[in-house]
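Peer 1: Sharing a model that was predicted from the sequence below.
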Amino acid sequence: MRTGSLNIVGAQVWDGEAFVDRAVHISEGRVAAGPAEGAETLDARGRWLVPGLIDAHFHAYATSMDGMENERGPLSFTAINGTRRLDRALHRGFTTVRDVAGGDIGLARAIDADLFAAPRYHFTGPALSQTGGHGDPRAPHIDVCFSHGHMCEVVDGVENLRLAVRDRLRTGAHAIKIMTSGGVFSLADPLPIPQYSPEEVRVVAEEAKRRGSYVAAHAYSSEAVRHSIENGVRSIEHGNLIDSATAVRMAELDAFLVPTLAAYDAMDRRGAGIGLNAISLAKNAEVLSRGQEAVRIALAAGVRVGFGTDLMGDLEDDQLRGVRLQVEASGAAATLRSMTETNAELIGDPALGHLGSGAYGDALLLSADPIAEPAALWEEDARVAIVQGGRVVA
């Protein structure tokens, strides 16, 4: 990824708690203590500067609203389409994404080689699913073989899972994604029931931890969330149906929650019109109303709450609507922290999510104070400039 040097002067700069009047100096891609010699200057007087946003539940390879098409369509088309999805995310102000279920070393290498504009990219590779689990795209009446695709792989049994985790980490995966409850997009699994045995979840977590990585689990119900975190999972994706006692246990075990409010809202409003099947539409109705309440329950219990979107197919352009929905649930300041410092803690990179010395030179310059006027966080017209690695990219 190319880097640059830039002096941003005159802005009100977010420090994690409030805005302060200071300059931000970026030297060869990193925030520096003093002005970068020979760098360009960005006059940001009357503007508000926040760290580049992080979407911790992104899917570059989710090209379709049809699960089998996502999994078995031509990888060349999927990857090229993914470059466009990543480019558009960057131009909305998301300078980093975590791709949980999909992506691969080839896409990551293309980003590193500057073959296209993209956020910083952390991928898990295909998510792990049990037979008939959330990552198995077959409808009950379909008698075809399916073992793996671009976003999910069906793997059963402790030793098979151990090998699958090791192979993902061998090929550059940032973390491991596992399906531990039913889901909206899958066709043959009830939403709340936990998936995988405790032994299977545990071996995935143990192998990931041994390599300094962690596990993110798709889980909705309190039962599925407890099944996950008690067996070593660090990041709960979605979590719409959690109760207060489960949230307290998440906090005790230092587990993160990554809500994906945009997905349910988008599927409810637009899913039928772009071909989402009736089974998924019915499942979506079950979790739609509970997502924002889950965010409030988790924050009240002291859970670190991140931010994600989980948008499939043509729904990707609702990414910023997810920001609005989370602001409605938790307020502007908490949502801004979720999209910056909390997601950075989850990813585990101390150079992400802030604009202090040594941080990546990733920033979003806004036309209004997003705490006083929260719409600045989700309205594209409020984006004055997007900076990545010390370079103005939009």
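Peer 2: Here it is on my side, so go on. Numbers count the residues shown, from 1 in each chain.

Peer 1: Isn't F307 up against I54?
Peer 2: Yes: when contacts are counted by Cβ atoms under 8 Å, F307 is listed as touching I54 (7.2 Å). C-beta: built from backbone N, CA, C; applies to glycine.

Peer 1: Show me which positions of the longest helix belonging to the chain end up buried.
Peer 2: The single longest helix within the chain, with elements called by DSSP state H, is helix 75-90. Across helix 75-90, burial judged by 16 or more other Cβ atoms under 10 Å covers T78, A79, N81, G82, T83, R85, L86, A89, L90.

Peer 1: and what of stretch 304-321?
Peer 2: 304-313, 315-316, 318-321.

Peer 1: Inside strands: which ones of those?
Peer 2: Secondary structure defined by DSSP state E assigns R304, V305 of the buried residues of stretch 304-321 to strands.

Peer 1: of all the buried residues of stretch 304-321, which two lie farthest apart?
Peer 2: R304 and G313 (29.8 Å; Cβ to Cβ).

Peer 1: how about the helices of the chain, start to end?
Peer 2: Secondary structure of the chain (DSSP H): helices at 67-72, 75-90, 105-112, 158-170, 198-210, 222-229, 244-252, 261-270, 278-288, 291-301, 319-330, 332-337, 343-347.

Peer 1: Just put those helices in TSV and tack on mean pLDDT and distance to G34.
Peer 2: As requested, the helices of the chain are exported to TSV (pLDDT from 0 to 100; distance: least, Cβ to Cβ, whole Å):
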stretch	mean pLDDT	distance to G34
helix 67-72	79	48
helix 75-90	96	28
helix 105-112	97	29
helix 158-170	98	39
helix 198-210	98	40
helix 222-229	98	44
helix 244-252	98	40
helix 261-270	93	40
helix 278-288	81	50
helix 291-301	97	38
helix 319-330	98	33
helix 332-337	98	27
helix 343-347	98	24
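
Peer 1: could you dump those helices to TSV with distance to V97?
Peer 2: Compiled in TSV, the helices of the chain are given as follows (distance: least, Cβ to Cβ, whole Å):
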stretch	distance to V97
helix 67-72	17
helix 75-90	6
helix 105-112	10
helix 158-170	18
helix 198-210	20
helix 222-229	22
helix 244-252	23
helix 261-270	13
helix 278-288	23
helix 291-301	20
helix 319-330	10
helix 332-337	17
helix 343-347	10
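
Peer 1: Among those, which comes closest to D136?
Peer 2: Here helix 67-72 is closest among those (Cβ to Cβ), at 8.8 Å.

Peer 1: Tell me which residues are up against the closest one.
Peer 2: 61-64, 78, 137-138, 146, 148-152, 185-187, 312 (Cβ atoms under 8 Å, 6 or more residues apart in numbering).

Peer 1: re earlier: which one of the helices of the chain lies nearest to T3?
Peer 2: Of the helices of the chain, the one closest to T3 (Cβ to Cβ) turns out to be helix 105-112, at 12.2 Å.

Peer 1: Counting neighbours, show which residues of the closest one come out buried.
Peer 2: For helix 105-112, burial by neighbour count (16+ other Cβ under 10 Å) applies to L107, A108, A110, I111.

Peer 1: got it, and stretch 198-208?
Peer 2: Quick answer for stretch 198-208 (16+ other Cβ under 10 Å): E200, V201, R202, V203, V204, A205, E207, A208.

Peer 1: The spatially closest residue to the second one that is not a sequence neighbour - how many residues pack around it?
Peer 2: Translated: V201. Distances taken as Cβ to Cβ, 6 or more residues apart in numbering place N231 nearest to V201, at 4.0 Å, with adjacent residues excluded. Neighbourhood size, N231 [other Cβ atoms under 10 Å]: 22.
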